[in-house]
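Asks: missing the sequence, but the structure's below:
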């Protein structure tokens, strides 16, 4: 990497750490009910809703509450799409979204995936964008946050039969964490030039001149040709973009108001807005590592998890940037792929915005797929084969490298339990993590949580490439086309939502297939994680002995990283060999 790329990465990590530390204190206070102003405002809300905040529940009731809550959100988003033609705030008079696309989108936003097989500015009304998609961005992010809080309570409590009150947790996560941060960030983005209005789409005259010839009767009956000139017209989409942009980043949702997502100048106009968007994606996931340390009474535990995440993140940023700076040999032979600015020393600029360049585009790609965000500021399909493999691998690891709001930390804690189990087998001792013995029940739940997404990805990819309807959507032949399908299923099952592109996925086949992958990928992990939380909360917390594996030092960080890479990635090695690796070998063999 160049010096500029290293500087960008260093500033990014430094600012992330500086912002995450104080935010962690606030989140810890809010979720523990120590926020005094919040208590005064919450009390009448509880009475109105019939909720008794002091009444906590076990893991099963907690999980059922989340399922009902998210199920109602799914129905609301689906209904808004199907009925939007007759609803207000629809200045472009968009009609109803097709049933299969509405089904896919409703599941997508409920599952915090935000996979978009449609063009937002050409499909969704303002009401659907705000009341449906933006609201669900808050609720799906709150779901992930409360799940990790419940899991950490399982580690911190002793002989308890409850892990919290799901309705209290969801309310606090939404009102006092997500909403205030989104308000501040939306104002900042509007100041950067992100649009925020309810105006109809605007037609403007461009600087381009359109010229055509007209014929008129001339002398002796011969037609006379004359030239006519007029300015070209362009329709500019308007809408409430800044408000949706803020929570799409903070909530690691990723669904863009525009089809071009964060590559669109109305959604990401400046280098500063691009940098802040990346910070917003990682802000809450990074803060939750510190929250974890505070809740279990040992800040070193949070630092250990954060260190493992950061080391993996840096390695993947270096890899992605290096692969993109190597460029495309076919385009290089034509002299067509070399960047030529003071900030870029050459490489693959295909599919990237000139205002961001290779360094910021590569960093953004790693950030958005390390987290379960899915927002994009460049076309991943146009990355080099190995450069495109980096975001693919990050998703296949389970998006635990910081990860989504809540989802990243509870995914990493699942791997931490696996790591101490492996260490226990190696030294012949009963594995324990944070004083809680890891027994058969916990390992069964860990196995389900780790294996459910590879099963969905690999089986789904196999179905897609074997079915005629699945192959019909592939635009590129061979290894690259296979990678596009693999990326789509990986993105859906891991609740990322970014698209490799090149795959026509807005069809009944892919809308249903990806929709099923999203819902089972989300709750196929959440339910076993909550089951673990309930089991751990009921256990006694034993003290450390001479034979206890320390889980806050460099040895455990290395063991955790190794577990993530080996256990998380081995399932996908054959598929990666058939896709991006083969694509790379074919490209450089030409």
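Replies: That came through, no problem. Just so it is clear, the model here is predicted, and its values are computed rather than measured. Numbering: from 1, shown residues only.
Asks: Residue 488 reaches residue 505, doesn't it?
Replies: Yes. Counting by C-beta atoms under 8 Å, residue 488 does reach residue 505; the two are 5.9 Å apart. Heads up, the C-betas are built off the backbone N, CA and C, glycines and all.
Asks: Now do the shared contacts for the two.
Replies: 499, 514 (C-beta atoms under 8 Å, 6 or more residues apart in numbering).
Asks: From the neighbour counts alone, determine which of those two ranks first.
Replies: Taking neighbours as other C-beta atoms under 10 Å, residue 488 and residue 505 compare with residue 488 leading, 29 against 24.
Asks: show me where this structure has strands.
Replies: Secondary structure of the chain by DSSP state E: the strands cover 202-217, 223-236, 432-433, 436-437.
Asks: Parallel or antiparallel, list what pairs with the last one.
Replies: Sheet pairing here is set by DSSP bridges, and for strand 436-437 it gives strand 432-433 (antiparallel).
Asks: Quick check: pLDDT value at the residue most central in space within the chain.
Replies: Central residue of the chain (C-alpha atoms, centre = their mean): residue 373, 1.5 Å from the mean position. Predicted confidence (pLDDT) for residue 373: 91.
Asks: just checking, it touches residue 252?
Replies: Yes. With contact defined as C-beta under 8 Å, residue 373 counts as touching residue 252 (4.4 Å).
Asks: Common neighbours of the two, please.
Replies: Common neighbours of residue 373 and residue 252 (C-beta under 8 Å, 6+ apart) are 281, 404.
Asks: can you pull the contacts of residue 402?
Replies: Contact partners of residue 402, counting by C-beta under 8 Å, 6+ apart, are 282, 285, 286, 309, 313, 370, 371, 408.
Asks: quick one: pLDDT of it?
Replies: 93.
Asks: Residue 396 contacts residue 569, correct?
Replies: Yes. In this structure residue 396 lies within contact range of residue 569 using C-beta under 8 Å: 6.3 Å.
Asks: More neighbours: these two, which one.
Replies: Neighbour totals were compared for residue 396 and residue 569, and residue 396 leads with 25 against 15 (other C-beta under 10 Å).
Asks: Report the contact partners of that one.
Replies: 454, 457, 490, 494, 568, 569, 571, 572.
Asks: got the residue ranges for the helices in the stretch 1-150 of the chain?
Replies: Secondary structure of the stretch 1-150 of the chain (DSSP state H, counting those that start in this stretch): helices at 3-31, 36-49, 59-83, 99-110, 120-123, 126-127, 135-156.
Asks: Run through this structure and note the low-pLDDT ranges.
Replies: Residues of the chain meeting the criterion pLDDT under 70: 210-231, 335-346, 546-547, 590.
Asks: redo that, cut-off 50
Replies: Confidence mapping of the chain against pLDDT under 50 gives the ranges 340-344.
Asks: Apart from its chain neighbours, what residue comes closest to residue 112?
Replies: residue 140 (3.8 Å; C-beta to C-beta, 6 or more residues apart in numbering).
Asks: For the residue lying closest to residue 541 once chain neighbours are set aside, what are phi and psi?
Replies: Sequence neighbours aside, residue 435 is the residue nearest to residue 541 in space, at 3.9 Å (criterion: C-beta to C-beta, 6+ apart). In terms of degrees, to the nearest 10, the main-chain angles of residue 435 are phi 80, psi 0.
Asks: Residue 435 is in contact with residue 543, isn't it?
Replies: Yes. Counting by C-beta under 8 Å, residue 543 is a contact partner of residue 435 at 6.8 Å.
Asks: one step back: in ChimeraX, how would I select just the buried ones from the contacts of residue 396?
Replies: Buried residues within the contacts of residue 396, by 16 or more other C-beta atoms under 10 Å, are selected in ChimeraX with:
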select :454,457,490,494,568,571,572
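Asks: For residue 513, state which of the contacts of residue 396 is nearest.
Replies: residue 457 (11.5 Å; C-beta to C-beta).
Asks: so that closest one makes contact with residue 576?
Replies: No. Residue 457 is not in contact with residue 576 according to C-beta under 8 Å; the separation is 11.4 Å.
Asks: what separates the residue nearest to the centre of the chain from residue 3, distance-wise?
Replies: 28 Å (C-beta to C-beta, to the nearest Å).
Asks: contacting residues around the residue nearest to residue 541?
Replies: By C-beta under 8 Å, 6+ apart, the neighbours of residue 435 are 155, 541, 542, 543, 544.
Asks: ok, how many other residues are close to residue 67?
Replies: Neighbours of residue 67 using other C-beta under 10 Å come to 14.
Asks: I'd guessed it sits against residue 523; true?
Replies: Yes. Taking contacts as C-beta under 8 Å, residue 67 lies within contact range of residue 523: 6.9 Å.
Asks: so how far is residue 136 from the nearest residue to residue 512 once chain neighbours are set aside?
Replies: Using C-beta to C-beta, 6+ apart and skipping residues adjacent in sequence, the residue nearest residue 512 is residue 100, 6.4 Å away. For residue 100, the distance to residue 136 equals 19 Å [C-beta to C-beta].
Asks: Which of those two has more residues huddled nearby?
Replies: Each of residue 100 and residue 136 has its neighbours counted (other C-beta under 10 Å); residue 136 has more, 28 against 17.
Asks: Report the spatially nearest residue to that one, omitting neighbours in sequence.
Replies: residue 109 (4.2 Å).
Asks: give me the number of residues near the closest residue to residue 497 other than its chain neighbours?
Replies: What sits nearest to residue 497 in space, not counting adjacent residues and going by C-beta to C-beta, 6+ apart, is residue 374, at 3.0 Å. A count of neighbours around residue 374, defined by other C-beta under 10 Å, yields 32.
Asks: One more: residue 4?
Replies: 16.
Asks: what do you get for residue 140?
Replies: Count around residue 140 with other C-beta under 10 Å applied: 28.
Asks: where's it relative to residue 154, distance?
Replies: 22 Å.
Asks: likewise residue 428?
Replies: Distance from residue 428 to residue 154, by C-beta to C-beta: 26 Å.
Asks: Looking at these two, which one has more neighbours?
Replies: Neighbour comparison, residue 428 and residue 154: the larger count goes to residue 154, with 26 against 7 (by other C-beta under 10 Å).
Asks: Hmm, that one is touching residue 529, no?
Replies: No. The criterion here is C-beta under 8 Å, and residue 154 misses it with residue 529 at 9.3 Å.
Asks: tally of neighbours for residue 561?
Replies: Residue 561 has 19 nearby residues by other C-beta under 10 Å.
Asks: and the closest residue to it other than its chain neighbours, what is it in contact with?
Replies: Spatially, and ignoring its direct neighbours in sequence, residue 561 is nearest to residue 308 (5.2 Å; C-beta to C-beta, 6+ apart). Counting by C-beta under 8 Å, 6+ apart, residue 308 touches 412, 557, 560, 561, 564.
Asks: between those, which has the most around it?
Replies: Going by other C-beta under 10 Å, residue 412 tops the contacts of residue 308 with 31 neighbours.
Asks: How about the contacts made by it?
Replies: 305, 308, 309, 400, 403, 560, 564.
Asks: Any chance of JSON lines for the residues you listed, columns distance to residue 276?
Replies: Output for the contacts of residue 412, formatted as JSON lines (distance: C-beta to C-beta, whole Å):
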{"residue": "305", "distance to residue 276": "25"}
{"residue": "308", "distance to residue 276": "25"}
{"residue": "309", "distance to residue 276": "20"}
{"residue": "400", "distance to residue 276": "24"}
{"residue": "403", "distance to residue 276": "20"}
{"residue": "560", "distance to residue 276": "30"}
{"residue": "564", "distance to residue 276": "28"}
